[in-house]
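Asks: my questions concern the predicted model and sequence given below.
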Amino acid sequence: MREERAPGLLAGDSLNLRLARRSLGLIALCLVLLPFADLAITTHDPWAELGRMLSGLLHPDILATESLPHAIALTIGFALWGTLLGMLLGFPLALLFPHSRLLRGGCAFVRAIHELFWALLLLQVFGLSAVTAIAALTIPYAGIFAKVYAEILELTPRAPVDALPEGVGRLSRFVYAELPMVWSRLSSYTRYRFECAMRSSVLLGFVGLPTLGFHLESAFREGRYPEAGALLWLFYLMIASLHLWGHRRLLPWIALGSLFLLGPWPDIDGALLWRFVSVDLWPQPLLEGNWSGLWQWFGEIPDLLPAIGNTLLLGLMGTAGSLVVALLLWPLASRHFGNRPTRMAGKGVLILMRSTPELMLAFIFLLMLGPSMLPAWLALSLHNGALIAFLVARHADAIVPGSHALPASGRYAYELLPRLYGGLLALLFYRAETIIRETALLGMLGIATLGFHIDSSFAYMMFDQAFVLLLITAALNIGVDALARRYRPREIAETPGQHDRPAGEAPC
Amino acid sequence: MRWLVACLLILVSTAASAETFRFTAIPDENQSRLEERFDKVAHYLEDRLGVEVEYVPVKSYSAAVSAFRNDQVQLAWFGGLTGVQARRLVPDSRAIAQGKEDAEFRTYFIAHHDSDIDTQGDDLPKNVQGKAFTFGAKTSTSGRLMPEYYIRNQFGAPPKSLFSRVGFSGDHTRTIALVESGTYDIGAVNFKVWDAAVADGRVDTDKVDVIWKTPTYPDYQWTVRGDVDSRYGDGFTDKVRQALLDMHDPELLESFPREGFIPADNDDYQPIEDVGEKLGLLR
Amino acid sequence: MSVEELVRFNGEALGHARHTVLAELTLGLQAGERVALLGPSGVGKSTLLAALRQRLGYRAAWCPQEHGLVPPLSVYHNVYMGRLERHSALANLLNLIRPRRDAWHEIQALCGELGLEGLLKRPVAQLSGGQRQRVAIARALYQAREVFLGDEPVASIDPHQARRLLHRVQNQHTTCVIALHQRELALTHFDRVWGLRDGRLMLDAPARELTLDDLDTLYPDAHSSDPQPEPA
């Protein structure tokens, strides 16, 4: 990518040149800051463990996991109810979204905290129950739905409304002339989000909720790789077959049926809940009005500044890495390159990479490379890069090349990339918010981001500290999102395939 | 419609069976077939206590504590530190029994052979300094609290300034795997887990071995909520304790894994509480 | 007999916020008059119709081009939208789920007349261009107002059909203003012709006094081999 643009050409005011300068700026900033990242490779003998892992993947043992059907049902049930309730909450919010700054701020806040952190927080009040799991999905999803639905509704064509007779009420106007015009985009986005919810639902197992992830994480952690392999394959299968069982008419029945399995519902102890919200979450000095004590309390949060620095740095590295990975990988799945078998293989690789939970990828790299920032960087870059590459390849397939005589490299650099680059960069900047959210999450593996300290605070039952760290994380995410929005290429309103991509390729 | 009502009725009825006595256990090695193994324990307790008993699987120390705090379990097999955490959060809860081994528990420091650590001597070898080191879970007594205490005691410095890198593997089995793969040079591990791994041949002792054993300290224990007597009948706590002490079936004990249980009380864990406060893990 | 004047423009400028589309417009619409609105595309026919629609308010039935339809909804619902304001929001909502019996029968009859029989349940997205135009006309007719305002309602319909449709519209509406591009129809089916060119009203005369050649002067490149003198 970089070699293909001669330096002299970077001066100029065409759209692609501006985009190229922006991306080179991003990569340059990343390179300048790279020395501050801990990227040491410390493992000297990972091969035995990796061999066991590979053999487990190749010889999966599906019978090793007990109560597997129950775990599958819960995974689907949580995802379904989380999406459903998030949608029911998010839709009315979307209607108010353009009118209330407070609401937009609130939505940005609930979105900015990762599902897993919501789960850790809710776990304290609702315990290991379906309420925790579903609320952990519903709360951030309501914020996401509010934003994305609002963006979609904003693009509603005006003509049908203009054609209505005078004096039609708001509600009638909405359901007849506005909603039907965007219905398919709303429902395709909701479907996409349900797929994300499946992934998140699996992840919830990592903090102990009894989904597939519960068994997957234990099996991986304890090195029971045949079992882990089977669970991973099962997960891919569930995602890949979503279009088969995730049918519009089938889902309500699955949702109702899963209700039977979600119990027992927790008895909520009002006093405990109140104590948690009014006392546990707040620093003691703050409740006492002791300001100097509060300052001291802040000082006792270990390594706060390095954690913030690491979070931002990893986020930047992840974004730049995703850019490079996406540029390298998208031709794998595009009809403009290779032949049928290579494309099938390429698509398969991209789907595998984007479906594997980042935490899992990072964990595998951790074994290979040791406990530095490197595994997290690779995991973030590969996962998000593959996701973007997949979408870009789909956009590329909509392009009819002008000249067939060009060699592959020429086609790549002259025919296709100039047309796709804006869309690619827009996707990347949309993903930046997700990447920074995931960065915090990877802290749970021991990489010293904010997520590491949030995880510790929960483990030490210091909820006030956890809460403040969550607030800082949320603020950071909102800041990064604002920054990404500022630099996101806006000129590419009509990239090919824009219609299959809902407004705001939202965090998954 | 009728169908929907039926659904709701069933939901309500599942929610209503609240007076089941539930317990959980922090599994420290081999989390496979947890339910199968602990369901046997649940059956045993059911016979002895005369109430319905159910096992709730958990995967982390903190999940166990929050389940206890939220009254989702009334009895729990905790580690030393997590037990103290739980008893602080749930007033009147009591430690009632510990494993025979738990009165004199130990942590083993293990190291990869390539890290060339001198294993002679009674103390933690001096040349561990500058190596990469991993604890287990953040609130494990044997994987975090006590090893950190002994490290600070001996070197007068926190682990962070002593080692080139300090990690938290998350659990003891993982600690062994990470040291064996050379990801970390040194690790601190629960001695029971290490012994079991060596006995089963799950660890290559040509690559990794014990370099130091800590002095003994109290660890795992059964803790029960203070309100169980009023909820399940007078003397219920004593009945639970007696049932645990009378558990002799090796098949049941293997899940913990302990040779048997002996009485314990809150005071036995005062040393743990003191160390926890000193290290800032409790406040 | 005194004729009611429905709308009058007196040297007014029509257009959007900063851009004047029609300057110094002076014209009047009399009740009972059937007006054909001619002119090249982009000249401001839609602007004039919108202004008329605004002035007439409740008295006008409005037939926009097909993009005023809602493609995902059925023909029935699209036509029903012509009377959306006459029912409560709840009734409208229920009608989406289960069509009102009375409306259904009425719309069925109307659609039968317009050659849309059997298509009531079909989403508009699945119709041909000509069928969609007829749905738009059906909606306007269903509004049952005094004046019919149509923006090229018969643009992509064959001449024979177009005549039938105009007939049907004019049967119901003695007053109408319809933008067209079929000049012959303007002369045969209308009382008056308004012709727009270059941002102004160039022609406002009874149809019986006009010939096709007069109408050609409205179109800059019509008969370019045989240039017409500038109209006075």
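Replies: Right, received. Where do you want to start?

Asks: could you list the low-confidence segments of chain B?
Replies: Along chain B, the parts satisfying pLDDT under 70 run over B:1-18, B:29, B:120.

Asks: what is the burial count for the nearest residue to C:H189 once chain neighbours are set aside?
Replies: Setting aside the residues directly before and after it, C:H189 is nearest to C:L166 in space (CB to CB, 6 or more residues apart in numbering or on different chains), at 5.0 Å. From N, CA and C alone the C-beta is placed, and that goes for glycine too. When neighbours are defined as other CB atoms under 10 Å in any protein chain shown, C:L166 has 25 of them.

Asks: C:L166 and C:I178 touch, don't they?
Replies: Yes. Under the criterion of CB atoms under 8 Å, C:L166 makes contact with C:I178 at 7.3 Å.

Asks: intersection of neighbour lists for these two?
Replies: Between them, C:L166 and C:I178 have C:V154 as joint contacts when contacts are counted by CB atoms under 8 Å, 6 or more residues apart in numbering or on different chains.

Asks: B:D246 touches B:L49, doesn't it?
Replies: No. Taking CB under 8 Å as the definition, B:D246 is not a contact partner of B:L49, at 11.7 Å.

Asks: ok, the two, which is more surrounded?
Replies: Relative neighbour count places B:L49 above the other of B:D246 and B:L49, with 18 against 12, counting by other CB under 10 Å.

Asks: OK, contacts around that one?
Replies: B:F21, B:Y232, B:F236, B:K239, B:V240, B:A243.

Asks: try 10 Å this time
Replies: B:F21, B:L75, B:Y232, B:G233, B:F236, B:K239, B:V240, B:Q242, B:A243 (CB atoms under 10 Å, 6 or more residues apart in numbering or on different chains).

Asks: surely C:G82 is within a strand?
Replies: No. According to DSSP: H, G, I helix; E, B strand; the rest coil, C:G82 belongs to no strand; its state is helix.

Asks: okay, now it: neighbour count?
Replies: Residue crowding around C:G82 was assessed by other CB under 10 Å; the count is 25.

Asks: now do it, the pLDDT please.
Replies: On the pLDDT scale, C:G82 is placed at 92.

Asks: and the pLDDT for A:D38?
Replies: Per-residue confidence (pLDDT) for A:D38: 82.

Asks: burial count for it?
Replies: The criterion is other CB under 10 Å. On that basis, A:D38 has 14 neighbouring residues.

Asks: name the SS class of it, please.
Replies: What three-state DSSP gives for A:D38 is coil.

Asks: so it makes contact with A:L369?
Replies: No. The pair A:D38 and A:L369 does not pass the contact test of CB atoms under 10 Å, sitting 11.5 Å apart.

Asks: the closest residue to A:C107 other than its chain neighbours in helix, strand or coil?
Replies: Distances taken as CB to CB, 6+ apart put A:G143 closest to A:C107, at 3.9 Å, once the chain neighbours are dropped. At A:G143, secondary structure determined by three-state DSSP is helix.

Asks: for burial, what's the neighbour tally of A:G143?
Replies: 25.

Asks: need the residues of the stretch 51-200 of chain B near chain C, please.
Replies: Remark: no part of the stretch 51-200 of chain B is in contact with chain C, using CB under 10 Å from any CB of the partner chain.

Asks: could you pull out the helices for the stretch 51-200 of chain B?
Replies: Using DSSP state H, counting those that start in this stretch, the helices of the stretch 51-200 of chain B run over residues B:61-69, B:80-89, B:146-155, B:159-162, B:172-180, B:191-199.

Asks: picking that back up, surely the residue nearest to C:H189 forms part of a helix?
Replies: Yes. The secondary structure assignment for C:L166 places it in a helix, going by three-state DSSP.

Asks: just checking, it touches C:E184?
Replies: No. At 11.6 Å, C:L166 and C:E184 do not qualify as touching, with contact defined as CB under 10 Å.

Asks: centroid residue for chain B?
Replies: Taking CA atoms, centre = their mean as the criterion, B:G79 is the residue nearest the geometric centre of chain B, at 3.5 Å.

Asks: and C:R18, its phi and psi?
Replies: Backbone torsions of C:R18, given as degrees, to the nearest 10, read phi -110, psi -10.

Asks: now whatever residue of the stretch 351-500 of chain A ends up closest to chain B: how far from chain C?
Replies: Per CB to the nearest CB, A:A459 is where the stretch 351-500 of chain A lies closest to chain B, at 4.4 Å. Distance of A:A459 to chain C, computed by CB to the nearest CB, to the nearest Å: 51 Å.

Asks: residues contacting that residue?
Replies: Applying CB under 10 Å, 6+ apart, one finds that A:A459 lies in contact with A:120, A:466, B:60-63, B:65, B:81-82, B:85, B:137-140, B:144, B:168, B:281.

Asks: can you check A:I436 too?
Replies: Residues in contact with A:I436 (CB under 10 Å, 6+ apart) are A:112, A:114, A:311-312, A:314-316, A:318-319, A:380, A:449-450, A:473, A:476-481, A:484, A:507.

Asks: name only those of those residues that count as buried.
Replies: Restricting the contacts of A:I436 to buried positions leaves A:112, A:114, A:311-312, A:314-316, A:318-319, A:380, A:449-450, A:473, A:476-478, A:480-481, A:484, A:507, with burial counted as 16 or more other CB atoms under 10 Å in any protein chain shown.

Asks: narrow those residues to those in helices?
Replies: When these are checked against helices using DSSP state H, the ones located there are A:112, A:311-312, A:314-316, A:318-319, A:380, A:450, A:473, A:476-478, A:480-481, A:484.

Asks: quick one: buried residues of stretch C:67-74?
Replies: C:G68, C:L69, C:V70, C:P71, C:P72, C:L73, C:S74.

Asks: which ones among the residues you listed also lie next to chain A?
Replies: The overlap between these and the neighbourhood of chain A (criterion: CB under 10 Å from any CB) consists of C:G68, C:L69, C:V70, C:P71, C:P72, C:L73.

Asks: what's the burial count for the closest residue to the last one other than its chain neighbours?
Replies: Going back to what we said before, that points to C:L73. Once its chain neighbours are removed from consideration, C:L73 has its nearest residue in A:P180; the separation is 5.1 Å (CB to CB, 6+ apart). Other residues lying near A:P180 total 22 when counted by other CB under 10 Å.

Asks: contact partners for A:P180?
Replies: Contacts of A:P180 were listed using CB under 10 Å, 6+ apart, and they are A:156, A:160, A:174, C:70-73, C:77-78, C:96, C:123-125.

Asks: now do 7 Å
Replies: By CB atoms under 7 Å, 6 or more residues apart in numbering or on different chains, the residues touching A:P180 are C:V70, C:P72, C:L73.

Asks: which secondary structure element contains the first one?
Replies: Under the assignment given by DSSP states H and E, C:V70 is not contained in any helix or strand.

Asks: go ahead and confirm C:L185 touches C:R164.
Replies: No. In this structure, C:L185 is not within contact of C:R164 by CB atoms under 7 Å, at 11.4 Å.

Asks: the more surrounded of those two?
Replies: It is C:L185, of C:L185 and C:R164, that has more neighbours when counted by other CB under 10 Å, with 18 against 15.

Asks: the more buried one: which element?
Replies: Of the helices and strands defined by DSSP H and E, C:L185 is found in helix C:183-189.

Asks: can you name every helix or strand that the helix or strand following that helix contacts?
Replies: The first helix or strand that comes after helix C:183-189 along the chain, using DSSP H and E, is strand C:192-197. For strand C:192-197, the elements it packs on are strand C:34-38, strand C:200-206, judged by 3 or more CB pairs under 7 Å, 6 or more residues apart in numbering or on different chains; DSSP states H and E.

Asks: contacts for strand C:192-197?
Replies: With CB under 7 Å, 6+ apart as the test, strand C:192-197 has contacts from C:27, C:33, C:35-40, C:43-45, C:186, C:201-207, C:210, C:215, C:218.
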